[in-house]
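1. here is a sequence together with a model predicted from it:
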Amino acid sequence: MRPSRDIEMSAYRPWKERWKEDSWAPGSVASTHGASDYSHDAIHGRRRPPRSGTPPLRRFLDSFKRDPGRRVTPGPVANPTGARNQHGSDGSPRPENVPTRQHQGAHYFDLHAANVNTANTLLSRELKGRHLQMIAIGGSIGTGLFVASGKALSTGGPASLLIAYCFVGVMVYCTTQALGELAVTFPVAGSFSAYSTRFLDPAWGFAMGWNYALQWLVVLPLEVIAASITIGYWNNNLNRSIFITIFLAAVIFINLLGVKAYGEAEFVFALVKITAIVGFILLGIVINIGGFPDDGYIGGRFWSSPGAFNNGFKGLCTVFVTAALAFAGTELVGLAAAEAVNPRKSLPTAIKQVFWRITLFYTVSLALVSLLVPHDHPRLLGAKSAADASASPFVIAIESAGIAILPGVMNAVILIAVISVGNSAIFGSSRTLAALADQGQAPQILGYVDRRGRPLVAIGAASLVGLLGYLADLDRQTDVLSWLLAISALSIILTWASICLAHIRFRRAWAARGRSPRELAFRSQVGVAGSWLGLALNLLVLAAQFWTAVWPLAGSPGILPPGSPPHTRTAREAARDFFLQYLCAPIVVAFYVGYKVWYRTGVVRIDEIDVDTGRRDFNLPVLLAHERDEMRAWPRWKRVYKFLC
């Protein structure tokens, strides 16, 4: 029997030939494996839209329609009646070693159908290696680094700033390695929520999916508000609504153009941010050596006076969540794997780049910031909100050196970074919502995907939430920003912890099937031990944030008036302070418990975990042998480089 064509083998053919043969040819095998071998092209009749003889306007309007025979999702997974048989609710046979287990009642969740639906995503696969690399390297560099690091510096001091960012950097590195292994093996729609559903518990997958979607949904209005505030650096008299409209329209337009446009936009945005950070590092070294206009060599002066730490150990714990928010978005590369042309080739390289981004763009740049800006600088203490770019320590450092033009340039870079994160917010939330719909965990209409592979309804829903950005004109703008930020504050920590736990469970299920890690297309460089470490560090951050939420720092911006001891708070103020920092946790618990009570789902046992559906590893021994032969001809320096990058 002639073996099925594999999209991974297509990497060695010319791009146009691959596109014609693998993306549009009826019957080509896309992504699934084993007993659930389906092609969304074959099932849904995907074909190349007609281009000749059709007016351009008609072609444009037709691109928003589904192909004939397409459904919102391949099949229902959450069913209101009846018991399941040995076939999924989509009619597909179940893989071996995956027993049928259900709640014999009015509602149940079909786990196998959910796995098939996410594996046969209708999303367009157009992201290339360079897109994934830039998404991994600079995709999440935004206000978390350029602006919020100033609040972290004033709260914990320079030593706490570096310790917290290095701590979270180790955590993120372990998490992205685990994510890389899962995403290369299973480049499915929804990524994190799908892995939690498949390897942990459908109820937890539901909670994590909506948790991640809500994170990005609230980030969008936050970022457009931040962009409008940044414009005030040049002219503070203009109405912010004007710029909120412009920025919203820009990021919505980019996402409506399709995933390739998103990838190209992020490629350009990331280049600008990376260039700016490298330039700042070089400039910061020169400033530190040469000194400010009225002073000489700076060195570590500000570490001695006003000091390396501020607010002691509690100050350090308070900085942890700020650091985690700065790294939020690193995991987007895993979400984008479902829309990559060749994830097995491009995703490992992108995952390895994360280490260098953590080392260079965060650790080195913030080390210089801590040398150039004292933690008691008036601008840091006077920040009006987490989006106030005027309190950016990067801008303060350049202005303190007496350089006239560069502060404006740095603010322009901050503006680009803010728009970039807003762009990623629509991408991340829309893909997560569409995947939740595919799994029957969100309204099915959110899974609508048009002929160009765009989840239009999900993009529209995310865009509507962006209209909250117009709240920037309210008198109590700071309160609005604080509560929006509270919804997403811990979201990313829970997501990362779930990724690590899903990887641990996957490896256990993989070993239980008698399979070796050598059979995987990509293995985490830190292995299962790294996932355990990442999980432990995430839990430590959650514990530290709980402590600082219950007993916050006196004088923390937006929490207590300066100089007020904690015991002077009323019960209402204490509850407000707690939920401003820990609101995400009760939301996730409510989602999890509610779904579990309704569908009576249980933890997926190791012998029930499906390690085949959606797995891309056709002809893997042939591919690996070919790559080993190619590597033998490489010089030593190239082998070291490829291992690291």
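-> That came through fine.
2. neighbouring contacts of the helix or strand hosting Ala536?
-> For Ala536, the host element (DSSP states H and E) is helix 527-550. Helix 527-550 has contacts (C-beta atoms under 8 Å, 6 or more residues apart in numbering) with 167-168, 170-171, 173-175, 177-178, 314, 317-318, 320-321, 324, 489-490, 493-494, 496-497, 499-501, 503-504, 507, 524, 526, 577-578, 580-582, 585. For glycine as for every other residue, the C-beta is placed from the backbone atoms N, C-alpha and C.
3. can you map out the strands along the stretch 51-200 of the chain?
-> With DSSP state E, counting those that start in this stretch as the criterion, the stretch 51-200 of the chain has strands at 78-79, 108-109.
4. my guess is Thr176 meets Ala350, correct?
-> No: judged on C-beta atoms under 8 Å, Thr176 makes no contact with Ala350 at a distance of 9.1 Å.
5. quickly list what's touching both of the two.
-> Ala136, Val333.
6. could you give the angle of whatever helix or strand comes next after the helix holding Ala536 to helix 527-550?
-> Next helix or strand after helix 527-550 toward the C-terminus (DSSP H and E): helix 571-582. Relative orientation of helix 571-582 versus helix 527-550 (axes from the mean of the first three to the mean of the last three C-alpha atoms, to 10 degrees): 160 degrees.
7. could I get the average pLDDT for the following helix or strand past helix 571-582?
-> As assigned by DSSP H and E, the chain's next helix or strand after helix 571-582 is helix 584-599. The average pLDDT for helix 584-599 rounds to 91.
8. how far away from the center of its chain is helix 584-599?
-> 22 Å (C-alpha atoms, centre = their mean, to the nearest Å).
9. in it, what's buried?
-> Cys584, Ala585, Ile587, Val588, Phe591, Tyr592, Tyr595, Lys596, Trp598, Tyr599 (16 or more other C-beta atoms under 10 Å).
10. outside of it, which residues touch it?
-> 78, 103, 107-109, 201-204, 206-208, 210-211, 214, 441, 486-491, 494, 542, 579, 601.
11. tell me which entries of those lie within helices.
-> 202-204, 206-208, 210-211, 214, 486-488, 491, 494, 542, 579 (DSSP state H).
12. of those residues, which is the most crowded?
-> Highest neighbour count within those: Met208, with 31 neighbours (other C-beta atoms under 10 Å).
13. what sits against the closest residue to it other than its chain neighbours?
-> What sits nearest to Met208 in space, not counting adjacent residues and going by C-beta to C-beta, 6 or more residues apart in numbering, is Ser196, at 4.5 Å. Contacts for Ser196 (C-beta under 8 Å, 6+ apart) come out as Trp204, Gly205, Met208, Gly209, Ser498, Ala502.
14. can you rerun that using 7 Å?
-> Trp204, Gly205, Met208, Ser498, Ala502 (C-beta atoms under 7 Å, 6 or more residues apart in numbering).
15. export the helix holding Ala536 as PDB, just CAs?
-> Extracted C-alpha coordinates of helix 527-550, given in PDB (Å, rounded to 0.1, in the frame of the first residue of the first chain):
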ATOM      1  CA  GLY A 527      13.200  16.700  30.100                       C
ATOM      2  CA  VAL A 528      10.500  15.800  32.600                       C
ATOM      3  CA  ALA A 529      12.700  17.000  35.400                       C
ATOM      4  CA  GLY A 530      12.500  20.500  33.900                       C
ATOM      5  CA  SER A 531       8.700  20.300  33.800                       C
ATOM      6  CA  TRP A 532       8.600  19.300  37.500                       C
ATOM      7  CA  LEU A 533      10.900  22.300  38.200                       C
ATOM      8  CA  GLY A 534       8.700  24.600  36.100                       C
ATOM      9  CA  LEU A 535       5.600  23.400  37.800                       C
ATOM     10  CA  ALA A 536       7.200  23.900  41.300                       C
ATOM     11  CA  LEU A 537       8.300  27.500  40.400                       C
ATOM     12  CA  ASN A 538       4.900  28.400  39.100                       C
ATOM     13  CA  LEU A 539       3.300  27.100  42.300                       C
ATOM     14  CA  LEU A 540       5.800  29.200  44.400                       C
ATOM     15  CA  VAL A 541       4.800  32.300  42.500                       C
ATOM     16  CA  LEU A 542       1.100  31.600  43.200                       C
ATOM     17  CA  ALA A 543       1.900  31.200  46.900                       C
ATOM     18  CA  ALA A 544       4.000  34.400  47.000                       C
ATOM     19  CA  GLN A 545       1.200  36.300  45.200                       C
ATOM     20  CA  PHE A 546      -1.400  35.000  47.700                       C
ATOM     21  CA  TRP A 547       0.800  36.200  50.600                       C
ATOM     22  CA  THR A 548       1.200  39.700  49.100                       C
ATOM     23  CA  ALA A 549      -2.500  39.800  48.200                       C
ATOM     24  CA  VAL A 550      -3.700  39.100  51.800                       C
END
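16. buried residues in it?
-> Those would be 527-528, 530-535, 537-538, 541-542, 544-546, 548-549, for helix 527-550 by 16+ other C-beta under 10 Å.
17. over to stretch 402-420?
-> Buried, per 16+ other C-beta under 10 Å, within stretch 402-420: Leu406, Pro407, Met410, Asn411, Val413, Ile414, Leu415, Ile416, Ala417, Val418, Ile419, Ser420.
18. same question, stretch 288-296
-> Asn288.
19. any weak-confidence spans in the stretch 1-150 of the chain?
-> 1-54, 56-108, 138-140 (pLDDT under 70).
20. can we see that at 50?
-> Applying pLDDT under 50 to the stretch 1-150 of the chain flags residues 1-48, 68-76, 80-92, 97-104.
21. now the chain
-> 1-48, 68-76, 80-92, 97-104, 557-564, 566-567.
22. and stretch 497-513, which residues are buried?
-> Quick answer for stretch 497-513 (16+ other C-beta under 10 Å): 497-507, 509-510.
23. helices of the stretch 151-300 of the chain, residue ranges please.
-> 192-199, 202-231, 240-256, 259-290 (DSSP state H, counting those that start in this stretch).
24. in a markdown table: those helices, plus distance to Arg357.
-> A markdown table is the format used below for these (distance: least, C-beta to C-beta, whole Å):
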| stretch | distance to Arg357 |
| --- | --- |
| helix 192-199 | 20 |
| helix 202-231 | 19 |
| helix 240-256 | 22 |
| helix 259-290 | 9 |
